[in-house]
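Chemist: here's my sequence, what's the structure:
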Amino acid sequence: MIRINIQQTGHERESTMRIIINPMLHLCKTLISLVLIILWPIFANGATIFSDDFDSCTTNCNATTTTPPNSAAWTQWHTDETSATVGGVKHYSGEISSPGRGGTGKSLKLWRANGVFGNYSGSLVYSGGGVSHWFMRFYIKIPKAFSSSQDYKLWRWNTTGGSGEIYVNYYGNTWSIYDGKGWEALLSSSQYSALRDGNWHCVEFEIGLATSILRFWIDGVLKYEDTGRNWAATGQLSMTQHFPLGNTYDHTGKWQSGWQAMEVDDFVLSTTYVGPGAGAADIPKQPNPPGNILLK
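Modeler: Sure thing, here's the model as predicted:
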């Protein structure tokens with residue numbers, strides 16, 4: 001028998017290990033990269049329940065029909081009560097048209113003037129959600145001349161338990177919230193007046209029914225916070241109805257004399273904070289620290 005003893009120095013053993021380990025590390029890194037590439041869209045957008053930047057609407061883009069627009073999975077329009085020609089262009093109480101935020105694309109526009117708007121004229125409805133804690137982010141542009149002789153609804157959330165409804169209204173010369181336990185102002189009247197300046201502003205709500213949370217941001221700045229709210233509405237989100245302007249409490253409110261449109265764009269319903277950003281499907285960011293809080 002011939003025995004061959006091969007002795008390796010420490011340096012040789014180290015080199016041999018590097019030859020074996022380096023291909024393994026390279027393979028592991030490659031596999032991890034592939035997994036991240038495949039799963040990243042899920043991680044990035046997994047918190048979004050529903051979103052619409054309105055740019056892709058090509059059919060049913062106004063409220064002359066209950067059939068929803070094709071830009072996103074809306075449930076229905078509330079039908080139009082009136083239309084008008086403004087600057088040679090026919091407009092509707094609810095329409096998706098150009099331009100959108102930034103001067104390109106499209107936005108949701110709600111045209112109002114003069115007469116009585118007692119119903120949910122031109123508003124959009126989304127049925128769904130199925131969560132007890134949600135964030136709703138959108139951009140809004142309110143003309144300086146936009147006004148009403150009476151309080152009116154901006155939107156509502158329906159829930160599966162308790163009072164079953166949460167309203168945000170123009171009430172008491174500001175935006176206020178109500179869920180069966182009395183109205184509560186989210187902004188002072190001067191803060192609301194500053195919002196009604198004809199420019200785009202980012203608005204976001206956080207509603208936590210089981211966690212007793214209500215937060216409200218404008219342009220990424222926290223304006224209102226209540227972390228011990230005793231909600232009358234309970235359960236989970238079941239429906240959102242957006243901007244039923246003119247659904248006044250006794251259906252007799254009237255608008256400013258000239259036709260004006262409040263505009264809405266880049267809408268996101270999410271399970272995490274969204275914040276200001278360029279589009280409807282922004283990757284959620286972390287909330288800013290509390291600032292400019294309107295105390296109860």
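
Chemist: show me where the stretch 101-250 of the chain has its helices.
Modeler: Along the stretch 101-250 of the chain, counting by DSSP state H, counting those that start in this stretch, helices occupy 189-195.

Chemist: from residue 78, how far out is residue 192?
Modeler: Residue 192 sits 25 Å away from residue 78, going by CB to CB, to the nearest Å. Any C-beta I mention is one placed from the backbone N, CA and C, and that applies to glycine too.

Chemist: before we move on, what about residue 125?
Modeler: Taken as CB to CB, the span from residue 125 to residue 78 is 7 Å.

Chemist: try residue 269
Modeler: From residue 269 across to residue 78, the span is 19 Å (CB to CB).

Chemist: for residue 152, same thing?
Modeler: Distance from residue 152 to residue 78, counting by CB to CB: 14 Å.

Chemist: who touches both of those two?
Modeler: Shared contacts of residue 152 and residue 78 (CB atoms under 8 Å, 6 or more residues apart in numbering): residue 244.

Chemist: partners of residue 214 in the sheet?
Modeler: Note on residue 214: beta-bridge partners by DSSP bridges are residue 207, residue 226.

Chemist: that one and residue 226 touch, don't they?
Modeler: Yes. If you go by CB atoms under 8 Å, residue 214 and residue 226 touch, sitting 4.5 Å apart.

Chemist: more neighbours: the two, which one.
Modeler: Remark: of residue 214 and residue 226, residue 214 carries more neighbours, 22 against 18, as counted by other CB atoms under 10 Å.

Chemist: how many neighbours does residue 212 have?
Modeler: Residue 212 has 12 neighbours, counted by other CB under 10 Å.

Chemist: OK, contacts around it?
Modeler: Counted by CB under 8 Å, 6+ apart, residue 212 has contacts 226, 227, 228, 229, 230, 231.

Chemist: ok, the fourth one - how many residues close by?
Modeler: Residue 229 is flanked by 20 other residues according to other CB under 10 Å.

Chemist: same question for stretch 157-169, mean pLDDT?
Modeler: Stretch 157-169 shows a mean pLDDT of 94.

Chemist: buried sites along it?
Modeler: The neighbour-count check on stretch 157-169 (16 or more other CB atoms under 10 Å) flags 157, 158, 159, 160, 164, 165, 166, 167, 168, 169 as buried.

Chemist: beta partners of residue 134?
Modeler: Beta-bridge partners for residue 134, by DSSP bridges, are residue 207.

Chemist: surely residue 95 meets residue 64?
Modeler: No. Under the criterion of CB under 8 Å, residue 95 lies out of contact with residue 64, with a separation of 9.0 Å.

Chemist: who has more neighbours, the two?
Modeler: Each of residue 95 and residue 64 has its neighbours counted (other CB under 10 Å); residue 95 has more, 24 against 16.

Chemist: which residues touch the residue nearest to that one when sequence neighbours are not counted?
Modeler: In space, and not counting its chain neighbours, residue 95 is closest to residue 62: 4.0 Å by CB to CB, 6 or more residues apart in numbering. Residues near residue 62 by CB under 8 Å, 6+ apart: 77, 80, 92, 94, 95, 96, 97.

Chemist: got the domain boundaries for the chain?
Modeler: The record's domain parsing of the chain by automatic domain parsing lists 11-45, 48-270.

Chemist: confidence-wise, which helix or strand of this protein is lowest on average?
Modeler: Among the helices and strands of the chain, helix 10-45 carries the lowest confidence by mean pLDDT, DSSP states H and E, at a mean of 42.

Chemist: what about the stretch 101-250 of the chain, any weak spots by pLDDT?
Modeler: 115-120, 246-250 (pLDDT under 70).

Chemist: pull the contacting residues for the residue nearest to residue 210 when sequence neighbours are not counted.
Modeler: Leaving aside its chain neighbours, residue 210 sits nearest to residue 132 (4.7 Å; criterion: CB to CB, 6+ apart). By CB under 8 Å, 6+ apart, the residues touching residue 132 are 208, 209, 210, 211, 235, 236, 237.

Chemist: which among these count as buried?
Modeler: Neighbour-count burial (16+ other CB under 10 Å) applied to these gives 208, 209, 236, 237.

Chemist: closest to residue 121 among those residues?
Modeler: residue 237 (23.8 Å; CB to CB).

Chemist: next, count neighbours for the residue nearest to that closest one when sequence neighbours are not counted.
Modeler: Spatial nearest neighbour of residue 237, excluding adjacent residues (CB to CB, 6+ apart): residue 129 at 3.2 Å. Look at residue 129: counted by other CB under 10 Å, it has 21 neighbours.
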